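Chemist: The sequence and its predicted three-dimensional model are supplied below.
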Amino acid sequence: MDPKTKKLTHDPEHAVYARLIADEALAGKSLVNIARMLNEYEVLSPRGGQWNAASIMQLLRSPAFAGLMPETETVDSDGGERKYTSRVFPYRDPETRDIVEIGEGIITVGERERIIHQFEARTFVHVGKRRPKPEGTALLTGLIFCGVPGCGRRMHRVGNSYQCMARRAGNQCPGASALADRVDDYVAERFLRKLPALEPNDPLVVAIADRWVHRTDPETFAKRDAIMAELDDEEARLSDLEDARYVRGEFKDTTAVERYIRLAERLRERMDGLRADLAKLPMPSVDVSPMLDGELLRGAWQASEDADRRGRLSLAIDRVEVTKGKRGQRFVPEQRVRIEWATLDDDVSV
């Protein structure tokens, strides 16, 4: 924006790349391919990172990209407040209803309409509405990640394979992929074999029990967490008060010392009350022995749908990483799949 005229003008350093993006989009290139091209030539995004399909679309749909004043859609909340949404459209003069121009755009208004029309043509519409995002149906949805160094993005099942979403979005990652059924079978078999071989006090068993009990009674644990957070805060205040007297020497005369004693007693009383409230709350427990019985575990696994199986896996597994293989080489799960088993949080007492 020109500081004098307050109008949009072309940035001499970046306008050429902006116009390149527009030309590629007008030529029918996919957003993923545009992002991939920019990343390969090390053209940084406005925030200094890599481009992806979403950032390309956001740029091309922006009214300001065509020299038009943008306006963000607002909606009324249940409380009567107006909240902004993510939808942005060209601002219109309230009297004339004309679109307001604010300077020199990278594209023309006509080019913007063509680009948006292309976007809409590529979007599947069902009975006048966009198709809702389907729930993950693959066994390892939410658990599987790209193991390429420096990436670590989620992988999703596309067709018969798990594929790195960074690669599909146009980011600069060579893109790990692997046959989904082979990965699923390997992870499931490791899970079904590992748990029955564990001792009852194994750290993994403790972590599984902790996660399971949190899922069983989340409300009780939410209350416990709130009380413990308040107790930590009161302990910190008491520690600071003691430092003020014994380290910093802020309570010197008789009146100040009496004030210190009153404050310290109040804090200790408050802490005792919080500990009592914590002791009154029940400590839920679960019986994890069925998961440690090989026969019962396999029987339950075979009788379950993938959603239930995924829930069991997430009790014992934090993430599954798949590295990129070499073209022509046979897929060996032991070499390319790494399972990160669950661990107990440091702040959880058993």
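Modeler: Yep, that arrived. Residues are numbered from 1 along each chain as shown.
Chemist: Can you show me the strands along the stretch 51-200 of the chain?
Modeler: If DSSP state E, counting those that start in this stretch is used as the criterion, the strands of the stretch 51-200 of the chain fall at 70-76, 82-90, 125-126, 129-130, 144-146, 155-158, 161-164, 177-179.
Chemist: Looking at those strands, which is nearest to Ile102?
Modeler: strand 70-76 (8.7 Å; C-beta to C-beta). (Each C-beta comes from the backbone N, C-alpha and C, glycine too.)
Chemist: rewinding a little: looking at the strands of the stretch 51-200 of the chain, which is nearest to Arg262?
Modeler: Checking the strands of the stretch 51-200 of the chain against Arg262 by C-beta to C-beta gives strand 82-90 as the closest, at 45.6 Å.
Chemist: Could you list every helix and strand in contact with the closest one?
Modeler: strand 70-76 (3 or more C-beta pairs under 8 Å, 6 or more residues apart in numbering; DSSP states H and E).
Chemist: Now the strand it packs on: average pLDDT?
Modeler: The pLDDT scores in strand 70-76 average 74.
Chemist: Which secondary structure elements does the longest helix anywhere in the chain sit against?
Modeler: The longest helix of the chain (DSSP state H) is helix 218-246. With contacts defined as 3+ C-beta pairs under 8 Å, 6+ apart, helix 218-246 has these neighbours: helix 254-280.
Chemist: Contacts for the helix or strand following the helix it packs on, please.
Modeler: Going down the chain from helix 254-280, the next helix or strand is helix 289-292, by DSSP states H and E. Helix 289-292 has contacts (C-beta atoms under 8 Å, 6 or more residues apart in numbering) with Leu195, Pro196, Leu198, Pro200, Val205, Ile208, Leu296, Leu297, Ala300, Arg312, Leu315.
Chemist: if you set the cut-off to 6 Å instead, what comes out?
Modeler: Here helix 289-292 makes contact (C-beta atoms under 6 Å, 6 or more residues apart in numbering) with Leu195, Pro196, Leu296, Leu297.
Chemist: Repeat that for stretch 155-166.
Modeler: 138, 144, 146, 151, 153-154, 173, 175-180, 183.
Chemist: again, only using 7 Å
Modeler: Outside stretch 155-166, the residues within contact range by C-beta atoms under 7 Å, 6 or more residues apart in numbering are 138, 140-141, 144-146, 151, 153-154, 173, 175-180, 183, 322.
Chemist: among the residues you listed, which ones are buried?
Modeler: 138, 140-141, 144-146, 151, 153, 173, 175-178, 180, 183, 322 (16 or more other C-beta atoms under 10 Å).
Chemist: which one of the residues you listed sits closest to Leu344?
Modeler: Closest to Leu344, out of all of the buried ones among the contacts of stretch 155-166 and judged by C-beta to C-beta, is Phe145, at 21.3 Å.
Chemist: how far out from the middle of the chain is the helix or strand containing Val16?
Modeler: Element membership for Val16 (DSSP H and E) is helix 15-26. Distance of helix 15-26 from its chain centroid, counting by C-alpha atoms, centre = their mean, to the nearest Å, is 30 Å.
Chemist: before we move on, what about stretch 107-119?
Modeler: For stretch 107-119, the distance to the chain centre is 32 Å (C-alpha atoms, centre = their mean).
Chemist: before we move on, what about stretch 107-120?
Modeler: 31 Å.
Chemist: That stretch: which residues count as buried?
Modeler: Buried, per 16+ other C-beta under 10 Å, within stretch 107-120: Ile107, Glu111, Arg112, Ile115.
Chemist: got a list of contacts for that stretch?
Modeler: Against stretch 107-120 from outside (C-beta under 7 Å, 6+ apart): Ala22, Ala25, Leu26, Met57, Leu60, Arg61, Phe65, Ala66, Leu68.
Chemist: One more pass at 6 Å, please.
Modeler: By C-beta under 6 Å, 6+ apart, stretch 107-120 touches Ala22, Ala25, Leu60, Phe65, Ala66.
Chemist: One more: stretch 327-337?
Modeler: Against stretch 327-337 from outside (C-beta under 6 Å, 6+ apart): Arg182, Tyr186, Val322, Thr323, Gly325.
Chemist: now the angle from the longest helix of the chain to helix 254-280?
Modeler: Note on geometry: by axes from the mean of the first three to the mean of the last three C-alpha atoms, to 10 degrees, helix 218-246 and helix 254-280 are set 160 degrees apart in direction.
Chemist: A helix includes Leu344, no?
Modeler: No. Assessed with DSSP: H, G, I helix; E, B strand; the rest coil, Leu344 is coil; it does not lie in a helix.
Chemist: What is the neighbour count of it?
Modeler: Residues contacting Leu344 under the criterion other C-beta atoms under 10 Å number 16.
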